[in-house]
Every structure is written in C-alpha cells, then in structure tokens.
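[1] Take this sequence and fold it.
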Amino acid sequence: MLADDDYDIRMILESIIQSFGFDVTCAENGSRALELYELADGRFDLLLTDICMPKMNGCELIRAIRQQDQQFPIIAITGFTDLDIIKELEPYHVRLFEKPINFKALHTYIDALHIGQPDSETYGAPAI
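    Below you'll find the model as predicted:
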C-alpha cells in the first residue's frame, strides 16, 4: 500500500512501484491507509508511506500498524531531514527514504525484503 497526500507524487510512485512488479493500492492520507490495511486482512506485503500528511500523519499510521503487526514491512518517505522523525521511527523498525527518492535504492531495498513471492498463478503480483 502507498500512502501519500500529494496526488502527483502518489501517481508517480504508483507507476514506479508497478514497474517493480507490484500491484499498488493508494491512499491519500494515513487514516485512509489504516482503514484499507485493516480491511485487507493481510493482503498487503508492504507499506510505503509519506510522513507529512493530513488527518493522520505517517508516524501515527506506523504506530497504529505496529500495534497490530510487528513484522509488517514499512518504508517511510519524507522531504524533511529531521532528527526527531528519525528518533520517533527508530523503535518501529522502519526504513526511511528521503525525497527525492533514489528509485534504484528503493527497488534494491524492496527486493532484499523477499516479499510477495508466491506462485503467480495462484496469487498474482505481490501487493503494496
């Protein structure tokens, strides 16, 4: 799942992540992402979330998901280098990428997670 409040960035990230071979579900803010996560019942393989969003920011979203699943892979993206954000995310085992995102590094990191590698005939593409 991809959560970002900026429509243009969300569409660009969706396209790039799809080019990595993933199905992508998008949310325009953290509260919508949490709603989709809870409705999905384990269907998502990874969360990629912006930090600064209205309604529920990325840190709040990460905390809410970690209360339900300590192992779910999460990548946070931010346009701001802020030591407070880094410290806040540290206990949640989140990988942080700064904007502008190095897409090669993002792809390498996602590949290293070895997520969503079921039999494609049965399950289709992995889901973000």
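[2] Distance check, the residue most central in space within the chain against residue 30.
    Closest to where the C-alpha atoms of the chain average out (Cα atoms, centre = their mean) is residue 48, at 1.3 Å. Residue 48 sits 12 Å away from residue 30, taking Cβ to Cβ, to the nearest Å as the criterion. Where C-beta positions appear, they are placed from N, C-alpha and C, glycine not excepted.
[3] any common contacting residues for these two?
    Between them, residue 48 and residue 30 share these contacting residues under Cβ atoms under 8 Å, 6 or more residues apart in numbering: residue 3.
[4] before we move on, the earlier item: check the offset of the helix or strand hosting the residue nearest to the centre of the chain from the chain's centre.
    For residue 48, the host element (DSSP states H and E) is strand 47-50. Computed by Cα atoms, centre = their mean, to the nearest Å, the separation of strand 47-50 from the middle of its chain amounts to 3 Å.
[5] Toward the C-terminus from that strand, list the very next helix or strand.
    Assigned by DSSP H and E, the successor of strand 47-50 is helix 58-68.
[6] Can you list the strands that the next helix or strand along the chain from that next one pairs with?
    Downstream of helix 58-68, the first helix or strand assigned by DSSP H and E is strand 74-78. If you go by DSSP bridges, strand 74-78 pairs up with strand 47-50 (parallel), strand 95-98 (parallel).
[7] where exactly do the helices run in this protein?
    Using DSSP state H, the helices of the chain run over 7-19, 30-40, 58-68, 83-89, 103-113, 120-123.
[8] what does the model give residue 107 for pLDDT?
    On the pLDDT scale, residue 107 is placed at 96.
[9] Just give me the neighbour total for the closest residue to it other than its chain neighbours.
    Spatial nearest neighbour of residue 107, excluding adjacent residues (Cβ to Cβ, 6 or more residues apart in numbering): residue 20 at 5.5 Å. By other Cβ atoms under 10 Å, the residues close to residue 20 number 15.
[10] now do residue 53
    23.
[11] Near the spatially closest residue to it that is not a sequence neighbour, how many residues? Count them for me, please.
    Spatial nearest neighbour of residue 53, excluding adjacent residues (Cβ to Cβ, 6+ apart): residue 5 at 4.3 Å. Per other Cβ under 10 Å, the neighbour tally for residue 5 reads 18.
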